[in-house]
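J.: Dropping a prediction and its sequence here:
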Amino acid sequence: MSSATLVSPPPAPGAPLTKKALTADHPTWCPGCGDFAVLASFYRALEKLQYPHEKIVTFAGIGCSSRFPYFVNTHGGHFIHGRALPFSAGISLGNDDLHVFVFGGDGDGFSIGGNHLVHTARKNPNLTYVIMDNSVYGLTKKQTSPTSPIGFKSKTDPWGAIDQPINPMRTLLNSGATFIARSHATQVNHMTEMMLRAAKHKGFSVVEILSECVEFFEGAFDAAIPRKGGSWKLVDEKKHDGSPEDANRHDVTDEVAAFKLASESWPGSFGVFYETNQRKTKNELEADIIAKAKERTKGATDLQVLQSTFAKLR
Amino acid sequence: MVSPNTPETQGGSAGSASAPRSIQDVVIRLAGNSQDGIQSIGGFLARLAGRSDQDVMTYMTIPSTISGGPSIFQVRMGTGDILSAGDRSDMLVAFYQHSYDAHISSLRPGGVLLYDSDHVTPNAEDKRFTQIAVPITTGTVEAVGGTSKDKGKNIYVLGVIARIFDLDVQKLATLIKERFGGKNEDVVRNAMLAFDAGYAWPQNNLSDLFYRFDAVEKAAIATGRPQVTLDGNTAIAYGLLTAGVRHGAGYPITPWSSIMETLRTELPKYGGIFVQCEDEIAAISTALGFSFTGNLAITGSSGPGLSLKMEALGWATMAEMPLIVVNVQRGGPSTGMPTNVEQSDLMQAIYGSHGDTPRVVLAPKNVEDCYYIAIEACRIAREYSTPVLILTDQGLSSRIEVFEEPDLAKLMQKPGADLSDRPATFKPYPLDAITHHAPAGSKVLTGKYPTVTGLEHDEMGHPTGSSKLHTQMNAKRREKIKTLAASLPAPELNGDSAGEVLLVTWGSTWGPAKEALVRVRAAGIKAGHLHIRHVHPLPNGLEEIFKRYHKIVVAELNDEGVYGFGQFATMLRGRYANPAIVSVAKTDGLSFKVSELVAGVAKHIESTALDATLATSRPSALAAR
């Protein structure tokens, strides 16, 4: 391959990380796909975060949206269907300095990877998961997905979907995710803000983004697009300003209030539903175990620990 | 275990004036329930042997229940090489009637049945064996007293055995104190009371049942390193720790679980981490995530779990990600016989997954080899950026063997990811070199970062639909495995270097096959034994070895299949197209007995001498003369 000759010169040391440096292959998504805007928001978020380039990881499973890592110039990977989360947990726990971003769709996250979503939330590794929910299997060309609404006509339900769809926000709350937000691919500023807050959260942070598949589920999320007659309703977060109106605002640390938000009728609210800093991350909990073990071995080297183990086998 | 007891201390009581009879080795089978702690008798005997000059091998089964089920432990101990668990036992210790009923057939003619007279009524008409009633339960209760009931029966029996075989009481007492020392004083005192009572019983009642292992010159151990006693799963775990593995992930399944338990508890001491995942797929995925950060990781399972990992294992080949996968084989398919041994995951280990997935499969031959093969697996995984499977089995997983402590200072490897800057020439998938990834966290000086991927890709990791690149990349992934094959040492060949028959084995069949070879050659047959640890890729040059024998008998613990050949035999026939390759296969859930291997050879060659060997049944070394 001659690609080595085509690359632009490396950025000067200390130069800010720009969209240009973060751009890789041209996206293969269909024209009009909501995922383009998600990608644009991610570039913006990274430009604001200014992490060291080599410490950013963009990872994904399988699906249209899971092509994401090819379009972002960072360390990245494209794994098997539905298993990006446990892999990314390994990345996060394997090197605590990394900033791990995982992208995927509704099939990847809620169907084949549903069990991993629950358990990753439970374990709370330090990483950010962006679910680009289009409520249809797009890469395989229009089958019912776990978030397809009842009545949605697909190739696997030509008469209309009959199975109750997953409520992503309720599922995430119930699993114990420590940061849960919801956004819409037509709202770039909002998406960027949600990604920024998710990235800064310590622990497992999830942003679900309604991202329309113009090819197989056109108009799926029009109900939240004002210019198409829908309503864009933001979560009115508590400001803790002591004002009387603040009492009625949403407290992001209130799990029951978050469940209420998650149970609103379609299209519901957008913003941060829930965030807690009360639970330690898996990274911290494992580090605690290591610290305690090291305390007991009184700073012995690996070799000394192994030698004393073998001495007990004599 | 030459007795350190002085003549004065031996047989101190009046009834024990007779001198001990000399024996070379003995097979003792202990049969009871799993809460009786009979494994700990085996553990004590094994470790005692480890501190003596004996070679000791044990054979253990535990039902896949937490407690209450029938359980046996078989220990063979003696002087010289002990290569197998022993086909039949010389002494059976039966704790219950069901233990007697189920295991009396394992006793050699002339052997000793030692039974708990409080629980067992043997067939008094059976004159094939020496029957000895020992009040194990009441003896223990009387000795220990108090509220401990019959807890300590195992230590009582250890005392009985110690006296009968004139074992080193001082060393045993030390071992008991070490074992129970962490608990309160009462526990050690009770254990010693039970032990002394057990020791006194034969001394006072069985003066003529008194043996001593042949004295052998203490083997000159050049290294001066002590002997260690451990099981195969533990040996693998410590091998991985030695090789610098600090990350792993798993999901519980018998008989793999003890490896993950060991790593979970040991790794934090080394600054490492082992994650218990929600399922087998998450486990291999998390392990691959660790490897992605440049930290070679381990996952593992047993047959059904390995099947679940197959898709991700295919990714590991495609993405060329180093990984260690331990598979502890058990009886299959499906849940099968989870606490029995089988070698039926070979094809799954080599060829499982989808598409063409060349990878490396190593099989340890004994417990000591479990340790060294784990280190070798890590070297190969790192050097060739490939998944490596360690294909062990249920037999090795819990078998306790004694071997020389490894040279830890020499073998210990420095862990950690190589996060050094990658030069402008860096490519994740070069066509003309073996892949070595730039782990996440390392700077690539071009400013262009790689994508590690399961899609077919070009040299930079970009997805491609090019048929030319798919062909080239398949060749790349294949050729590195062939490069490895060319670097492998010739496998171990024992016996005649040419002749009538070559016995070929892999995995835990090594020990019994080595003994079988002695018996086959004793019958006047020119025979060799070839043992293969690198089951995939095979080392080069085997065709030359195979040509030197009329028959190549491949023995393995799996089914002969629809076409009449076990899995390894099928592979060897496919590889070498040599019609002299024949198969001996069985699936009774047990390791090969030496006699089964001799019979397997006899089936494929004509030899009246060998047939005669098989027809004779050797009486027990303990038989009364």
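T.: All right, it came through fine.

J.: Look up the closest residue to the closest residue to chain B within the stretch 1-150 of chain A, ignoring the ones flanking it.
T.: Going by Cβ to the nearest Cβ, chain B is nearest to residue A:90 of the stretch 1-150 of chain A, at 2.1 Å. (Each C-beta comes from the backbone N, C-alpha and C, glycine too.) Of all residues not flanking residue A:90 in the chain, residue B:289 sits nearest, at 2.1 Å (Cβ to Cβ, 6 or more residues apart in numbering or on different chains).

J.: The helix or strand that contains the one you found: how far from the chain's middle?
T.: For residue B:289, the host element (DSSP states H and E) is helix B:280-292. Between the centre of helix B:280-292 and the centre of its chain there are 26 Å (Cα atoms, centre = their mean, to the nearest Å).

J.: Could you report the neighbour count for the residue of the stretch 1-150 of chain A closest to chain B?
T.: 33 (other Cβ atoms under 10 Å in any protein chain shown).

J.: got it, and residue B:284?
T.: The number of residues packed near residue B:284 is 36, by other Cβ under 10 Å.

J.: In the stretch 201-350 of chain B, what residue comes closest to chain A?
T.: Counting by Cβ to the nearest Cβ, the stretch 201-350 of chain B gets nearest chain A through residue B:289, at 2.1 Å.

J.: That residue reaches residue A:87, doesn't it?
T.: Yes: Residue B:289 lies in contact with residue A:87 (Cβ atoms under 8 Å); the separation is 4.2 Å.

J.: Do me a favour and get the end-to-end distance for stretch B:333-341?
T.: 12 Å (Cα to Cα, to the nearest Å).

J.: Stretch A:260-276 too?
T.: 17 Å.

J.: quick one, what contacts the closest residue to residue B:560 other than its chain neighbours?
T.: Of all residues not flanking residue B:560 in the chain, residue B:585 sits nearest, at 4.5 Å (Cβ to Cβ, 6+ apart). Residue B:585 makes contact with B:555-561, B:565-566, B:569, according to Cβ atoms under 8 Å, 6 or more residues apart in numbering or on different chains.

J.: how does it look with 6 Å?
T.: B:556, B:558, B:560, B:566 (Cβ atoms under 6 Å, 6 or more residues apart in numbering or on different chains).

J.: secondary structure element for the residue nearest to the spatial centre of chain B?
T.: Centre of chain B computed as the mean C-alpha position; nearest residue by Cα atoms, centre = their mean is residue B:396, 1.6 Å away. Using DSSP H and E, residue B:396 sits within helix B:394-398.

J.: so how far is that helix off the chain centroid?
T.: On Cα atoms, centre = their mean, the centre of helix B:394-398 falls 4 Å from the chain's centre.

J.: can you list contacts of whichever helix or strand comes after that helix?
T.: Using DSSP H and E, the next helix or strand after helix B:394-398 towards the C-terminus is strand B:400-404. Contact with strand B:400-404 is made by B:46, B:49-50, B:56-58, B:225, B:227, B:229, B:231, B:367-368, as judged by Cβ under 6 Å, 6+ apart.

J.: Just the pLDDT for residue B:71.
T.: Residue B:71 is assigned 83 on the pLDDT scale.

J.: which SS class is it?
T.: Secondary structure, DSSP: H, G, I helix; E, B strand; the rest coil: residue B:71 is strand.

J.: Run a quick neighbour tally on it.
T.: 23.

J.: re earlier: hang on, isn't the residue of the stretch 1-150 of chain A closest to chain B packed against residue B:294?
T.: No: between residue A:90 and residue B:294 there is no contact under Cβ atoms under 6 Å: 11.7 Å.

J.: residue ranges with poor pLDDT in chain B?
T.: B:1-17, B:60-69, B:147-148, B:183, B:215-223, B:625 (pLDDT under 70).

J.: And it, split by domain according to the record?
T.: Following automatic domain parsing, chain B resolves into domains at B:14-213, B:228-411, B:420-487, B:492-615.

J.: Contact residues of the stretch 51-200 of chain A facing chain B?
T.: Contact residues (Cβ under 6 Å from any Cβ of the partner chain) of the stretch 51-200 of chain A with chain B: A:54, A:57, A:69-70, A:73-78, A:80, A:83, A:86-87, A:89-91, A:93-95, A:98, A:115-116, A:119.

J.: how about residue A:192, what does it touch?
T.: Contacts of residue A:192 (Cβ under 6 Å, 6+ apart): A:41, A:44-45.

J.: Would you double-check that it falls in a strand?
T.: No: judged by three-state DSSP, residue A:192 forms no part of a strand; its state is helix.

J.: Give me the neighbour count for residue 194.
T.: I went with chain A, as the question did not name one. The number of residues near residue A:194, taken as other Cβ under 10 Å, comes to 27.

J.: think we crossed wires, I meant chain B
T.: 28.

J.: I'd say it and residue B:140 touch.
T.: Yes: taking Cβ under 6 Å as the definition, residue B:194 is a contact partner of residue B:140 at 5.5 Å.

J.: which residues do these two both contact?
T.: By Cβ under 6 Å, 6+ apart, the residues touching both residue B:194 and residue B:140 are B:152, B:156.
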